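# structure here, sequence nowhere to be found:
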């Protein structure tokens with residue numbers, strides 16, 4: 001696991017009317033501060049990557065569908081520099097992934113329907129504090145293709 005990345009299983013409360021899906025509470029030990037929350041929709045097979053934030057800590061949860069979430073550590077002083085990490089998250093693995101600053105991340109939708117990804121970030125989005133790369137940029141050694149393991 002990449003240093004500083006945290007995965008927290010999330011609670012769902014289900015009954016005959018539907019369900020409540022928890023995501024992040026102000027009294028959670030991993031809560032830092034509120035900046036903004038937004039939702040990103042990704043279609044099956046589509047990729048939204050790569051991006052990295054210098055000030056914003058990300059807290060992702062997938063409220064509908066499934067994604068393959070991929071992280072790549074480029075931080076100079078990190079003990080996991082150069083490591084990749086995959087997290088399969090969504091309806092079948094409802095969890096929150098906390099991404100520290102300086103870690104590239106992106107995701108690919110999979111399954112038969114669109115996925116809805118929520119991000120509760122610690123600071124409001126600003127294009128001045130982030131970097132973007134093409135999903136197939138050769139500086140990140142990752143193949144987004146389906147792997148038959």
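Done, it's in. For clarity, every value in this text was computed on a predicted model and none was experimentally measured.

# CA atoms for contacts and neighbours, from now on please.
Noted.

# for the most far-flung residue of the chain relative to its centre, phi and psi?
Of all residues in the chain, residue 16 has its C-alpha farthest from the mean position, at 30.0 Å, by C-alpha atoms, centre = their mean. The main-chain torsion angles of residue 16 are listed as degrees, to the nearest 10 and equal phi -70, psi -10.

# and residue 10, by the same measure?
In this entry, residue 10 is assigned phi and psi values of phi -110, psi 150 (degrees, to the nearest 10).

# so it touches residue 94, yeah?
Yes: under the criterion of C-alpha atoms under 8 Å, residue 10 is in contact with residue 94, at a separation of 5.8 Å.

# those two: which has the busier surroundings?
In terms of neighbours (other C-alpha atoms under 10 Å), residue 94 is the more surrounded of residue 10 and residue 94; the figures are 22 against 14.

# which residues does that one contact?
Contacts were defined as C-alpha atoms under 8 Å, 6 or more residues apart in numbering; by that measure residue 94 touches 9-11, 61-63.

# before we move on, what about residue 132?
When the contact criterion is C-alpha under 8 Å, 6+ apart, the partners of residue 132 are 49-52.

# please redo it, this time with the cut-off set to 7 Å
By C-alpha atoms under 7 Å, 6 or more residues apart in numbering, the contact list for residue 132 reads 50-52.

# beta partners of it?
On DSSP bridges, the residues paired with residue 132 through beta bridges are residue 51.

# for residue 106, same thing?
Beta-bridge pairing of residue 106, defined through DSSP bridges, involves residue 70.
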